[in-house]
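K.L.:
Whatever this is, show me its structure:
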Amino acid sequence: MTGETTGEWQGWRTATEAALYGPDGFYRRPEGPAGHFRTSVHVSPLFAEAVARLLCRVDEALDRPARLDFVDMAAGRGELVTAVLAALPASVTARVRAYGVELADRPETLDTRIEWRTSPPPGITGLLFANEWLDNVPVDVAEVDGEGVARRVLVRRDGTERLGEPVGGAEARWLARWWPLPDEEGLRAEIGLPRDEAWAGAVSAVERGLAVAVDYAHSADSRPLFGTLTGFRAGRETAPVPDGSCDITAHVALDACAARGAMEASGSAEVCGGAEVRGGAEASEGVKARGSAEASGRVEASSGVEARGGAEARGGAKASGGPETREGAKASGGAVGGAGAGVSKGACTALNAAHDGSRARLLRQRDALRALGIAGARPALALATAQPAAYVRALASAGEAAELTAPGGLGDFGWLLQPVGIPDPLAG
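P.N.:
Predicted coordinates:
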């Protein structure tokens with residue numbers, strides 16, 4: 001294979017940025033992300049209804065301001081923001097200013113009420129919601145060599161890899177703090193510092209309200225041994241190849257993001273993961289729809305965030321027996337090497353002790369959705385006799401709710417909640 005087809009050696013972060021968001025990148029393709037995988041948004045309208053209820057709770061906590069912002073980060077083709085507007089009560093909709101934040105062009109048929117941007121607006125008063133955004137913020141990959149040194153993994157456009165220079169500076173300090181690698185050859189980690197910065201930048205855009213990140217996650221006490229970098233194409237998990245033909249994604253260290261975002265919300269200056277971060281950064285400077293950002297607490301333990309999955313880092317994704325949604329592949333299957341995944345209660349408790357700024361909270365999707373009225377309970381059998389059509393509709397809705405909250409699936413996704421100037425709308 002010639003150098004022209006394989007390309008130069010680059011770190012995974014640079015290669016992924018070009019493959020996903022370059023002029024011919026995966027997320028700029030006309031079919032959009034939904035042409036290759038589903039998210040909770042595509043599983044059921046119940047998800048958007050739950051987000052609409054959350055926005056109404058934020059509205060109440062803000063004492064019903066004249067302008068209520070709803071910001072959909074990594075908006076895809078605007079599916080979530082459109083559905084949330086449709087689900088809101090008319091009295092709330094009249095005050096909502098809706099934004100879709102995405103690098104791709106504005107969809108031609110998008111509701112004219114929705115402003116389309118490549119970065120979040122400054123001074124948000126309301127809800128910033130980032131569903132499966134952070135997993136697509138590109139990161140570099142580190143791998144331990146034969147001498148026990150963590151080195152940056154370099155990759156060509158065809159997916160061929162080799163080890164590069166030792167990881168140093170702020171990235172090495174992030175690894176030491178959040179994903180320490182034993183000196184065993186072949187162990188891998190994704191360096192999550194750009195995601196911490198991106199999340200802190202998003203939180204800094206919120207003047208008053210709530211920032212929420214939803215993703216598949218792991219915590220410091222249960223990191224996968226060989227990382228989680230993988231690809232998705234046409235509903236199937238595949239080897240990650242940075243040529244624009246597939247999605248490239250990796251699980252999120254939500255505990256690290258939580259600590260950094262909480263410091264931003266509290267306006268504190270602190271060293272987190274080796275880089276000093278200060279609150280009060282300009283609201284949305286440098287925060288992109290799917291790229292990285294700059295900026296930077298107390299993280300409150302909830303019921304832990306589980307997420308299972310991850311493809312073998314060097315060998316590529318394991319073959320699937322049939323079409324598979326991105327959700328199913330990411331939320332099930334077990335981490336490679338036997339390491340469990342999930343933000344544990346112990347990890348959250350440790351973060352609580354380390355930061356005393358604004359509260360951030362980690363919880364499972366099933367707990368968050370149940371708090372917002374999505375339970376998945378089967379309808380009473382009596383309804384089948386009295387109102388058969390209503391029973392069928394209720395049964396279908398219960399099935400969708402069950403999928404959104406299922407253990408071992410979407411229900412194990414992590415929700416990171418960062419209130420800014422208001423109480424936690426899901427507390428109590």
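K.L.:
In the protein, where is pLDDT below threshold?
P.N.:
Flagging of the chain using pLDDT under 70 yields the residue ranges 1-6, 31-40, 267-358, 379, 383-384, 390-391, 394-397, 399, 428.
K.L.:
cutoff 50 now
P.N.:
Scanning the chain for pLDDT under 50 picks out 1-4, 36, 269-286, 292-344, 346-357.
K.L.:
quick one, helices of it?
P.N.:
3-6, 12-21, 40-43, 45-61, 79-87, 90-93, 169-178, 193-204, 254-266, 326-331, 345-354, 365-371, 382-386, 388-405 (DSSP state H).
K.L.:
List the buried residues of the second one.
P.N.:
Using 16 or more other CB atoms under 10 Å as the burial criterion, the residues of helix 12-21 that qualify are 12-13, 15-21. Heads up, the C-betas are built off the backbone N, CA and C, glycines and all.
K.L.:
which secondary structure elements does it contact?
P.N.:
strand 140-144, strand 150-155, strand 247-249 (3 or more CB pairs under 8 Å, 6 or more residues apart in numbering; DSSP states H and E).
K.L.:
Tell me the helices and strands packed up against the last one.
P.N.:
When contacts are defined as 3+ CB pairs under 8 Å, 6+ apart, strand 247-249 sits against helix 12-21, strand 230-233, helix 326-331.
K.L.:
Turn those into CSV, columns for distance to residue 27.
P.N.:
Below are the helices and strands packed on strand 247-249 laid out as CSV (distance: least, CB to CB, whole Å):
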stretch, distance to residue 27
helix 12-21, 5
strand 230-233, 12
helix 326-331, 13
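K.L.:
Which one of these lies nearest to residue 108?
P.N.:
Among those, the nearest to residue 108 by CB to CB is helix 12-21 (20.6 Å).
K.L.:
ok, the residue lying closest to residue 138 once chain neighbours are set aside - contacts?
P.N.:
Leaving out its chain neighbours, the residue that sits closest to residue 138 by CB to CB, 6 or more residues apart in numbering is residue 16, at 3.8 Å. By CB atoms under 8 Å, 6 or more residues apart in numbering, the contact set of residue 16 is 138-139, 242, 248.
K.L.:
same thing but at 7 Å, please
P.N.:
By CB atoms under 7 Å, 6 or more residues apart in numbering, the residues touching residue 16 are 138, 242, 248.
K.L.:
buried sites along stretch 238-251?
P.N.:
238-244, 246-251.
K.L.:
I'd like these laid out as a markdown table, including distance to residue 381.
P.N.:
As requested, those are exported to a markdown table (distance: CB to CB, whole Å):
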| residue | distance to residue 381 |
| --- | --- |
| 238 | 44 |
| 239 | 48 |
| 240 | 47 |
| 241 | 51 |
| 242 | 53 |
| 243 | 53 |
| 244 | 51 |
| 246 | 45 |
| 247 | 42 |
| 248 | 47 |
| 249 | 42 |
| 250 | 45 |
| 251 | 41 |
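K.L.:
Relative to residue 155, which of these is nearest.
P.N.:
For the buried residues of stretch 238-251, the nearest to residue 155 is residue 242 (6.1 Å; CB to CB).
K.L.:
correct me, but the closest one touches residue 20?
P.N.:
No. The pair residue 242 / residue 20 is not scored as a contact, 8.3 Å apart, by CB atoms under 7 Å.
K.L.:
any residues in contact with both of those two?
P.N.:
residue 248.
K.L.:
With distance to residue 56 as added columns, please give the buried residues of helix 12-21 in CSV.
P.N.:
Output for the buried residues of helix 12-21, formatted as CSV (distance: CB to CB, whole Å):
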residue, distance to residue 56
12, 40
13, 38
15, 42
16, 36
17, 36
18, 40
19, 39
20, 33
21, 33
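K.L.:
sorry, back to before: residue 193 is nearest to which of the helices and strands packed on strand 247-249?
P.N.:
helix 12-21 (9.8 Å).
K.L.:
Distance check, residue 154 against residue 184.
P.N.:
To residue 184, residue 154 is 21 Å away according to CB to CB, to the nearest Å.
K.L.:
Was I right to think residue 117 contacts residue 99?
P.N.:
Yes. Applying CB under 7 Å as the test, residue 117 and residue 99 come out as touching, 5.8 Å apart.
K.L.:
More neighbours: which of the two?
P.N.:
Of the pair residue 117 and residue 99, residue 99 is the one with more neighbours under other CB atoms under 10 Å, namely 22 against 18.
K.L.:
beta partners of that one?
P.N.:
residue 71, residue 115 (DSSP bridges).
K.L.:
need the contact list for it.
P.N.:
71-72, 114-115, 117, 120-121.
K.L.:
so which of the residues you listed comes closest to residue 376?
P.N.:
residue 72 (24.5 Å).
K.L.:
what's the closest non-adjacent residue to that closest one?
P.N.:
Closest to residue 72 by CB to CB, 6+ apart is residue 81, at 3.9 Å.
K.L.:
how much space is there between that neighbour and residue 239?
P.N.:
In terms of CB to CB, residue 81 sits 33 Å off from residue 239.
K.L.:
so how far is the first residue of stretch 115-134 from its last?
P.N.:
When the termini of stretch 115-134 are compared using CA to CA, to the nearest Å, they are 22 Å apart.
K.L.:
what do you get for stretch 91-98?
P.N.:
15 Å.
K.L.:
And stretch 152-161, by the same measure?
P.N.:
Note: stretch 152-161 ends 10 Å apart using CA to CA.
K.L.:
Now do that stretch: distance to the chain's middle.
P.N.:
24 Å (CA atoms, centre = their mean, to the nearest Å).
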